[in-house]
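Engineer: Curious how this folds, go ahead:
(2 chains)
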Amino acid sequence: MADPDRKLTTQMAQAQAGNRAAYREVLTASLVLLKKYFYSKLVRWGGAGAETIDDLAQETLLAVHQARHTFDAERIFEPWLYAIARYKLIDSLRRKRPNVSIDHKILQIADSFSALEQFENQQELDYALKDLPEKQRRLVEMVRVENLSIREVATRMGMNESAVKVAVHRAVKSVQKRLGVQS
Amino acid sequence: MKPVSPEVHDETLINALVAELAPVRPMAKTALRLKHWVVLATLIAGGSSLFFTRPLSWAGKLQSLGFWLEMAAILALALGAGRLAFVYSVPQPRMRGTWTILGLAGVWIGILLASSMAPGFFGAPNEVHSHGWVCMASILATGFLPGLAMFWMLRKGASTFPVATGLFGAVAAGAVGAAVLQVYCLNRDGGHLFMAHFGTVALAGLGGLVVGKLALRPALLTPSK
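Structural biologist: Numbering: from 1, shown residues only, chains lettered A, B, ... in the order given. Modelled structure (predicted):
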């Protein structure tokens, strides 16, 4: 049986050779991954709606199609896909000039959280979170444990969304620094 | 392929892309592309140097440690920057290796600084105080075609860091020009080498930023709605 971690990689290599069935599977699986990716980067942090996610995912699929010759079958498919997705996301944020600074803040928070979520020593992570000032800790808990969106947190805490984003970003950066984690 | 519109459903798009699928030849590995460019750049730069009006100037250089150290630093910069340009010409999740290039540039500057503290470090004393702009023009002229070849090769990829790719590509081409001029330049003064030689490579890098943005950025950008 094929290694599940390498399944998309193998199928993409087959697609490069012209295998349409493999290509369809790659695109279908990629679409799911891309929507999750854009959700984690945008919607969860209050940066965009579902229609933006769909548009970005489709535009990324087009870019994948155009750049499929640049995929190296000796490497894993997903990082290559996410590299294109990130590029499309940044380009999309640049086009929406008025929100660009807030959107970059959203990206920074999302990246910082991703790095923390990959941290393996859960106990050490919990200790670091407990050492945060009360308000910051509460904000991080709401986002991380209760899985609330930035908008919901802002409403509950009586703060505006930008202030929540800045506070959460600072808190996560502080935890990262304490744990020696890089985003 | 038409631009994506909100009306296009995922399934429709996937069907269209699958229908359009044709076999593609995967891009060659970075090392192989770099090798091709090095051969091409050496031939081009070597060939174009035949048109230099000034004669070869080996006076004392072959016995000079400074000359060889500087040449090694320039060639390492050309290879390092060229390699990185090819690495970044295909989608990469993040940038790595920039510090290596800055380090190599730092080594070059360090050698030039050492030369100002130890006269004769670069071999024979100055034969001629040639004008800096002559060297600048020569480096740019010698590096132009290797640079063109570099960008032609980079455009075959799809960079997610196009500006950085342009910068590294141009620095590599500029360093090739500087390496060739090392042999021809009559002026061995550290200040001249820093301003006219190193400065020109840095200037080429700045030009590469612009070229990268204009020529490499559109590769992954589909027509906007």
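Engineer: Could I get the full set of helices for chain A?
Structural biologist: Secondary structure of chain A (DSSP state H): helices at A:7-16, A:20-41, A:50-66, A:77-95, A:100-117, A:122-130, A:134-144, A:150-157, A:161-179.
Engineer: Include distance to chain B, mean neighbour count and mean pLDDT when you put those helices into CSV, please.
Structural biologist: The C-beta positions use only the backbone N, C-alpha and C, and glycine is treated the same way. Converted to CSV, the helices of chain A look like this (distance: least, C-beta to the nearest C-beta, whole Å; neighbours: other C-beta atoms under 10 Å in any protein chain shown; pLDDT from 0 to 100):
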stretch, distance to chain B, mean neighbour count, mean pLDDT
helix A:7-16, 5, 20, 94
helix A:20-41, 5, 19, 92
helix A:50-66, 4, 21, 87
helix A:77-95, 4, 20, 89
helix A:100-117, 10, 18, 58
helix A:122-130, 23, 13, 75
helix A:134-144, 23, 17, 80
helix A:150-157, 23, 17, 80
helix A:161-179, 16, 18, 77
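Engineer: List just the one of those that sits closest to residue B:25.
Structural biologist: Distance to residue B:25, taken as C-beta to C-beta, is lowest for helix A:7-16 among these, at 8.0 Å.
Engineer: Next, see if the helix or strand hosting residue B:66 gets close to chain A.
Structural biologist: Applying DSSP states H and E as the criterion places residue B:66 in helix B:65-87. No. Counting by C-beta under 8 Å from any C-beta of the partner chain, chain A is not contacted by helix B:65-87; separation bottoms out at 10.9 Å.
Engineer: hmm, who's touching that helix?
Structural biologist: Outside of helix B:65-87, the residues within contact range by C-beta atoms under 8 Å, 6 or more residues apart in numbering or on different chains are B:30-31, B:33-34, B:37-38, B:41, B:61, B:97-98, B:100-101, B:104-105, B:107-108, B:111-112, B:114-115, B:121-123, B:150, B:153-154, B:157, B:165-166, B:168-169, B:171-172, B:175-176, B:178-179, B:182, B:193, B:201.
Engineer: after it comes which helix or strand?
Structural biologist: helix B:98-117.
Engineer: other SSEs contacting that next one?
Structural biologist: Helix B:98-117 is packed against helix B:65-87, helix B:162-184, helix B:190-192, with contacts defined by 3 or more C-beta pairs under 8 Å, 6 or more residues apart in numbering or on different chains; DSSP states H and E.
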